[in-house]
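Trainee: no sequence for this one, just the structure:
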Ligand code: SAH
């Protein structure tokens with residue numbers, strides 16, 4: 001970088017360090033005339049110690065602390081007014097310039113999952129999903145994505161209670177289609193995996209996608225994390241009706257891309273999770289189950305059956321418990337391992353497909 005452009009870089013507005021991945025942070029430090037290892041130290045302060053005050057970063061010298069203070073800051077969106085479900089799930093609705101996204105914390109006994117959003121709303125308009133109904137309003141930037149994990153970890157850390165197990169898993173199953181905000185999502189995943197970041201396992205980081213095939217192909221070139229595919233129908237005719245994206249990337253194209261991804265991936269022991277929402281009399285007969293078995297024959301998979309979550313303005317009905325169990329048993333009897341998703345946080349509209357960024361507080 002020339003002296004001129006370096007100067008321009010430093011003179012520009014203060015930079016939020018939560019918007020930089022490791023490579024970008026290293027470059028930023030170099031532009032400040034610092035050694036690259038400073039990026040590692042700063043990442044540790046941010047992600048391990050939740051420190052936002054450069055003057056408290058005790059292994060940085062005074063000059064560097066001052067320089068950082070002049071050119072940078074560390075801030076994530078503000079998380080106010082959590083909503084508590086009776087099952088322990090907590091949901092935060094975050095407002096940025098009159099747009100909303102949501103983050104859901106789902107505790108288990110000794111671990112917890114954070115369900116993060118990648119976009120304001122969603123462009124894909126899957127018919128059974130409330131987020132699709134509000135349409136696409138924009139991508140979250142990196143600080144808004146990684147800020148969800150950073151903020152919730154910080155808030156729960158402060159509470160310092162056994163009631164809130166540490167976040168061990170992150171799923172991109174909140175608002176938006178993660179593969180349509182590719183660079184920011186990949187950068188956030190890198191920080192989640194990084195040993196100087198959150199040090200999470202690739203087995204516990206999952207992107208759920210409706211199937212943006214070119215982005216899925218690209219994903220396998222840049223990162224290895226666990227994959228969940230929103231299939232929801234065993235044939236193109238039905239999937240076209242439920243998920244308009246299928247008209248662009250049909251089941252064949254999608255499952256081929258999944259196979260290619262799995263060839264390279266070692267996350268989740270080389271298995272893909274197939275998500276299948278249970279819609280009464282739409283996709284839940286034993287004929288559908290039979291088609292699904294055939295379709296998934298050559299793909300290492302686990303199926304996750306998702307009881308459909310209701311939302312106002314939808315005409316779908318969730319399949320009955322008995323039907324879901326029969327469907328599950330049919331899959332099992334035909335060699336397909338499957339689980340039925342426990343829908344957590346329904347009472348606070350925090351379950352799958354219910355996130356619309358309602359400001360109901
Ligand atoms: N855009 C991503 C993430 C969506 S949310 C994707 O399509 O995979 C995570 C899962 O919830 C997806 O499988 C999605 O299809 C499903 N889902 C959407 N609306 C739902 C609803 N009302 N009830 C149950 N699951 C729903």
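Mentor: Looks like it arrived, so ask away. Small disclaimer: the values here were computed from a predicted structure and weren't measured.
Trainee: Most proximal residue of the chain with respect to the ligand?
Mentor: Closest to the ligand within the chain is residue 353: 1.8 Å, counting by C-beta to the nearest ligand atom. (C-beta placed from N, C-alpha, C; glycine too.)
Trainee: Let me know the pLDDT of the residue nearest to that residue when sequence neighbours are not counted.
Mentor: Distances taken as C-beta to C-beta, 6 or more residues apart in numbering put residue 129 closest to residue 353, at 4.3 Å, once the chain neighbours are dropped. For residue 129, the pLDDT comes out at 95.
Trainee: Neighbours of residue 129, how many?
Mentor: A count of nearby residues for residue 129, using other C-beta atoms under 10 Å, gives 28.
Trainee: Surely it and residue 135 touch.
Mentor: No. Assessed by C-beta atoms under 8 Å, residue 129 is found out of contact with residue 135, at 11.7 Å.
Trainee: where do the contact lists of those two overlap?
Mentor: Listed contacts common to residue 129 and residue 135 are residue 122; contacts here mean C-beta atoms under 8 Å, 6 or more residues apart in numbering.
Trainee: about what we covered before: would you mind stating the distance between the residue nearest to residue 353 and residue 321?
Mentor: 22 Å (C-beta to C-beta, to the nearest Å).
Trainee: Over to residue 52?
Mentor: Counting by C-beta to C-beta, the gap from residue 52 to residue 321 is 47 Å.
Trainee: What of residue 229?
Mentor: As judged by C-beta to C-beta, residue 229 and residue 321 stand 25 Å apart.
Trainee: before we move on, what about residue 122?
Mentor: From residue 122 over to residue 321 (counting by C-beta to C-beta), the distance is 29 Å.
Trainee: Looking at those two now, which is surrounded by more residues?
Mentor: More crowded of residue 122 and residue 321, by other C-beta under 10 Å: residue 122, with 26 against 11.
Trainee: Tell me if I'm right that the more buried one and residue 174 touch.
Mentor: No. Applying C-beta under 8 Å, one finds residue 122 not in contact with residue 174, separated by 9.9 Å.
Trainee: So is the longest helix along the chain next to the ligand?
Mentor: Longest helix in the chain, counting residues (DSSP state H): helix 142-159. No. Judged by C-beta under 6 Å from any ligand atom, helix 142-159 stays clear of the ligand, getting no closer than 13.7 Å.
Trainee: Any buried residues in that helix, and which?
Mentor: 142-156 (16 or more other C-beta atoms under 10 Å).
Trainee: any idea which of those residues is least confident?
Mentor: Comparing the buried residues of helix 142-159 by pLDDT, residue 156 comes last, at 88.
Trainee: show me the contacts for it.
Mentor: Taking C-beta under 8 Å, 6+ apart as the test, what residue 156 contacts is 105, 164, 166, 167.
Trainee: list the contacts for the closest residue to residue 238 other than its chain neighbours?
Mentor: Nearest non-adjacent residue to residue 238, counting by C-beta to C-beta, 6+ apart: residue 283, 6.1 Å away. By C-beta under 8 Å, 6+ apart, residue 283 lies in contact with 232, 233, 234, 238, 242, 276, 277.
Trainee: Number of residues surrounding the fifth one?
Mentor: If I follow you right, that is residue 242. Count around residue 242 with other C-beta under 10 Å applied: 21.
Trainee: Repeat that for the fourth one.
Mentor: A count of neighbours around residue 238, defined by other C-beta under 10 Å, yields 18.
Trainee: Please state the backbone phi and psi of it?
Mentor: Phi and psi for residue 238, reported as degrees, to the nearest 10, are phi -70, psi -40.
Trainee: same thing with residue 338?
Mentor: Dihedral angles for residue 338 - degrees, to the nearest 10 - are phi -150, psi 160.
Trainee: next one: residue 198
Mentor: Here residue 198 shows phi and psi, under degrees, to the nearest 10, equal to phi -90, psi -10.
Trainee: What number of neighbouring residues does it come out with?
Mentor: Burial of residue 198 is recorded as 20 neighbouring residues (other C-beta under 10 Å).
Trainee: Got the domain ranges for this protein?
Mentor: Domain ranges of the chain: 3-73, 79-348, per automatic domain parsing.
Trainee: what about the first one, average pLDDT?
Mentor: Here domain 3-73 scores 90 as its mean pLDDT.
Trainee: chain center to it, what's the gap?
Mentor: Offset of domain 3-73 from its chain centre (C-alpha atoms, centre = their mean, to the nearest Å): 27 Å.
Trainee: For the stretch 1-150 of the chain, which segments count as strands?
Mentor: For the stretch 1-150 of the chain, applying DSSP state E, counting those that start in this stretch gives strands covering 15-16, 72-73, 83-84, 90-96, 99-107, 112-115, 119-121, 136-139.
Trainee: near the ligand, which residues of the stretch 101-250 of the chain show up?
Mentor: 126, 128, 129, 173, 177, 208, 209, 210, 230.
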